[in-house]
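1. next one to model:
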Amino acid sequence: MDDLEKAILISFDESGTINSVLKEQAAAFIQQVKDRPSICTICIEKFCVSNLVEVKFWCLQCLHEILRVRYPSMSLEEKDLIRKSAFSMACGEPVHANDTNAARIFESPSFVKNKLAQVFVTLISYEYPEIWSSVFVDFLHKLSKGAAVIDMFCRVLNVMDDELISLDYPRSGEDVAKAGRIKDAMRMQCVPQMVITWYDIVSMYKNSDPDLCSSVLNSMSKYVSWIDIGLIANDAFTRLLFELMLVDGLADQLRAAASGAVLAVVSKRMEYKSKLALLQGLQISRVFRLATDDSGTELASGVASLLTGYAVEVLECSKHLKPEDGKEVAVELLNEVLPSVFNIIQNGEVDSSFSIVHFLSVYVGTMKNHTTLTDRQLLHLSQILEVIRMQIQFDPMYRNNLDILDKIGQQETDRMAEFRKDLFVLIRNVGRVAPDLTQVFIKNSLGNSMSSTEERNVEEVEASLSLLYALGESLNDDAMRAGNGLLGELIPMLLSTRFPCHSNRLVAHVYLDIITRYVKFISENTQYIPIALRAFLDERGIHHPNVNVSRRASYLFMRVVKLLKTKLVPYIETILQSLQDRVAQFTSMGRVSNDVSVSEDGSHIFEAIGLLIGMEDVPIEKQSDYLSSLLTPLCQQVEVALLNAKPQHSEESLLQIENLQQTVMAINALSKGFSQRLVTTTRPGIGLMFKKTLDILLQILVVFPKVEPLRSKVTSFIHRMVDILGPSIFPYLPNALGQLLLESEPKELVGFLVLLNQLICKFATEARDILEAVYPVIASRAFSILPRNDIQSGPGSCGEEIRELQELQKTFFIFLNVIATHELSSVFLSPKSTPHLELMMHLLLHNSCNHKDINIRKACVQVFIRLIKDWCSGPYGKETVPGFQKFIIETFAANCCLYSVLDKSFEFRDANTVLLFGEIVTAQKVMYEKLGNDFLLHFVSKCFPSIHCPQDLAEQYCQTLQGNDFKALKSFYQSLIERLRPLQNGSLVFR
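-> Numbering: from 1, shown residues only. Okay, the predicted model is just below:
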């Protein structure tokens, strides 16, 4: 063993016993050898004399690398040496006179032979057909040397397909062109001879060497897509392939390879009429008996791939062919193969490349325009429904994980939810094509599930219920209410059934989902309301032992109450009694809970109760009693907690805050069932209860001013009280807003501004006094936090802080917009507000011109439009706001209405930008209406010349602006801007 061989062995060693220093030395030595001019000769000689597998592989690897990297710069002698040597190695012949190990290559492991094939193919890519034109003919002549050379030839063909020809891998345009040249040359020169050779080899070796025949057929299958199909799809070759598949005594591997070759023929792209003739001539029905084998063998998989591939091609023919071109023949062939396809799907033998859902969806789609379906079509549709039912079933091995919903269970739930999407679309399509058949299938499926007395069929029950749930999406409201077809039987049957596996989370979930989906039927058939309510209120729903089911049931019950509402009035007492234990979790004094699920369930349950007792159909005495029995203990909870408030950040304090949050959420949810009309007009006593509650909850802001979660919950309740108490909330607002203003962090300020926006939108000018009191404080805080220009983000900046600043900026501009557009612009002019006016104008102008968010720019422009209308009503010179008219004419008009739209970043192809442009044009129209020629003369005589606007276009602008056609003005101004942009030459400067 010489030094090179030792270095190669060290470099390949993965045992971990050789130290890194030695490995580095070995790598350095190998690199030195690679850098020698004679490296090609060294590799070939070393390959011939060495018996070490690692050395042989390294030699071929090195030659491959040399060819890939250095081929264009290699000498003719080097190329000739490698070419002759590689061919001799592949054929098992001596490379030179002293080579006594020529045939030893065939004893090497597969990875060595595959690497030799890679070297061979790299040469072909550079030299065929221009330089080495005889390579394939020469190789074919050598195949008579026996199985080892045939195997090597197959390896070369396989590598050539992978690395040069196959379009399954991304190829550059140059590579595709090269592959085209190689294929064209092979078609002209050697493909017919190759096909004959394939046929002869398989015929000769089918009994003695099935592995070799399998290799030949697998290689051949890769080439069928681009050679003349007549060379394979002829009587002789087709007879041989089917004989290989159908004869029981042959090896499974060979029979599977034959089926793969036929699949390649079936999949050959061609014109549909010719394809149909090809498919018909194959007489594929001979293979159907093999599809009954569900053993999971290689043959079973091969036959499954063949028949599903055949079915796809026949289906495509039936879709695209006209009746006169053989459409009926294609349909008949499809009908023949479908039973086998269904059998394959149910046995789970489907190849990953076959999309079950896509195939079945296309098949169902062919029936959409049929007025009546044949018995055979109905049979196939029923088989499709069975396939769907089987496919959507969860794997029983995950039953416990899914029930407790641990990490594995959640992953499986998510996976199945995604997997089921297309299957549910498919069942809806079947439901539209054959509604009666679909409903009968679901009824029978449910019936079979109900008849079982064991819990072992959890997955079957869940799948059957899921089918009924999915069916609901294909029904319109009228069909659902009327209970069309068997629906009138299915829903009552479901409501009256208690499954043995109802304790399972999956079954309980989908059961409640179905009732919710079909609640319109229950609404029309009120006799089923008590049964439906029991399902939600007993151990199948809200009282289910699984917390995930209980939580979901609470939410769905709230949705059902919203939909049934007045029809539930007779059952209010029953519902409240059933929910008493859940309500007590919130109203009991001294309760201790930090369970988030209780909070979530509680908010939904209290919202449902609020919806029930908040209706005017409920007698006033009972309504007052119901509400008092809930609000009184909840408010007492708050009062006691505030009285016994603990030092913040202690464990006891954290629990106390958590309980307070839950209580406020429950009260807020309860209030959602009450309307402003009921609370303030028809039953003001109810309103008084909520006012007292508001008074108590506002104390939370006093005792816990810096606890953001509590502040957020109380703010949410104030929002709700604004909705239902109307103007009667005003006496409570100074205290509430004062407390909320104590915190000035961006996040808290955003929440406060959102509340003020609600007040302005609801009460408009009635909110003027409140705004005049709080606006100066808000403006001072906002202007101290927000930057004068753009919010800077980049290295060193905190992402969360940037997001909070951006949200505050956006909300603040919306706030200014809401004030201006609700006739409250005088708020900006109050004595305490005027110091902030100049900075407000600067921010509005900068962001109307530059902000990246087009909607914010639009909001800022709208503020200016409103202010111009409000503050520019008199003649020029007599100003409501000193300096404002000059600012508008000289600064806003130039920068926002002209320079900002001339910038190339102002993209007219963007829909939001077009809306902003409309506001900018509106601003010009309003400026002309309010400021007349003072605006127009300055805009045309001062601004237009600065952007090199021709005089005739300026005059046309004046005429269009003075006209009454806004659309014409907008269209002209856009064309003007687009014509002026090229004239700017980068000289545009914002002022």
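2. now the helices for the stretch 51-200 of the chain?
-> Using DSSP state H, counting those that start in this stretch, the helices found in the stretch 51-200 of the chain span residues 53-70, 76-91, 110-127, 135-142, 147-160, 173-189, 191-205.
3. show me what counts as buried in stretch 107-116.
-> 108, 112, 113, 114, 115, 116 (16 or more other Cβ atoms under 10 Å). In short, each C-beta sits where N, CA and C put it, glycine included.
4. what's near enough to touch the third one?
-> Residues in contact with residue 113, defined by Cβ atoms under 8 Å, 6 or more residues apart in numbering, are 105, 106, 151, 152, 155.
5. which one of those residues is nearest residue 954?
-> Distances from residue 954 to those, taken as Cβ to Cβ, are shortest for residue 155 (78.1 Å).
6. so what's the residue lying closest to that closest one once chain neighbours are set aside up against?
-> Computed as Cβ to Cβ, 6 or more residues apart in numbering, the closest residue to residue 155 that is not its neighbour in sequence is residue 117, at 4.1 Å. Residue 117 makes contacts with 90, 152, 155, 156, 158, 159, as judged by Cβ under 8 Å, 6+ apart.
7. so the fourth one touches residue 121, yeah?
-> Yep, that's residue 156 we're talking about. Yes. The pair formed by residue 156 and residue 121 meets the contact definition of Cβ atoms under 8 Å, at 6.3 Å.
8. just the pLDDT for the residue nearest in space to the middle of the chain.
-> Taking Cα atoms, centre = their mean, the centroid of the chain lies closest to residue 418, which sits 9.8 Å from it. With respect to pLDDT, residue 418 has a value of 94.
9. check which helix or strand covers it.
-> If you go by DSSP states H and E, residue 418 is part of helix 407-433.
10. helices or strands next to that helix in the packing?
-> Here helix 407-433 touches helix 356-365, helix 375-391, helix 399-404, helix 435-451, helix 458-471, going by 3 or more Cβ pairs under 8 Å, 6 or more residues apart in numbering; DSSP states H and E.
11. try it again at 10 Å.
-> helix 356-365, helix 375-391, helix 399-404, helix 435-451, helix 458-471, helix 505-517 (3 or more Cβ pairs under 10 Å, 6 or more residues apart in numbering; DSSP states H and E).
12. which of those helices sits closest to residue 15?
-> helix 399-404 (39.9 Å).
13. and that closest one, average pLDDT?
-> On average, helix 399-404 scores 93.
14. buried sites along that helix?
-> Buried residues in helix 399-404 (16+ other Cβ under 10 Å): 399, 401, 402, 403.
15. below-threshold pLDDT in this structure: ranges please.
-> 97-103, 294-296, 352-353, 452-456, 589-601, 647-650, 792-798, 874-877, 985-991 (pLDDT under 70).
16. so is residue 485 in a helix, a strand, or just coil?
-> coil (DSSP: H, G, I helix; E, B strand; the rest coil).
17. excluding chain neighbours, what is closest to it?
-> Setting aside the residues directly before and after it, residue 485 is nearest to residue 439 in space (Cβ to Cβ, 6+ apart), at 4.8 Å.
18. I figured the one you found hits residue 490, correct?
-> Yes. The pair residue 439 / residue 490 is scored as a contact, 6.8 Å apart, by Cβ atoms under 10 Å.
19. overlap in contacts, those two.
-> 468, 471 (Cβ atoms under 10 Å, 6 or more residues apart in numbering).
20. so how far is residue 562 from the residue nearest to the centre of the chain?
-> According to Cβ to Cβ, to the nearest Å, residue 418 and residue 562 sit 29 Å apart.
21. ok, now residue 833?
-> Taking Cβ to Cβ, one finds residue 833 at 43 Å from residue 562.
22. neighbour count for those two, which is higher?
-> Using other Cβ atoms under 10 Å, the more surrounded residue of residue 833 and residue 562 is residue 833, with 19 against 14.
23. correct me if wrong: the more buried one contacts residue 827.
-> Yes. Contact status for residue 833 versus residue 827: in contact at 6.3 Å, counting by Cβ under 10 Å.
24. overlap in contacts of the two?
-> Shared contacts of residue 833 and residue 827, counting by Cβ under 10 Å, 6+ apart, come down to 771, 772, 775, 776, 779.
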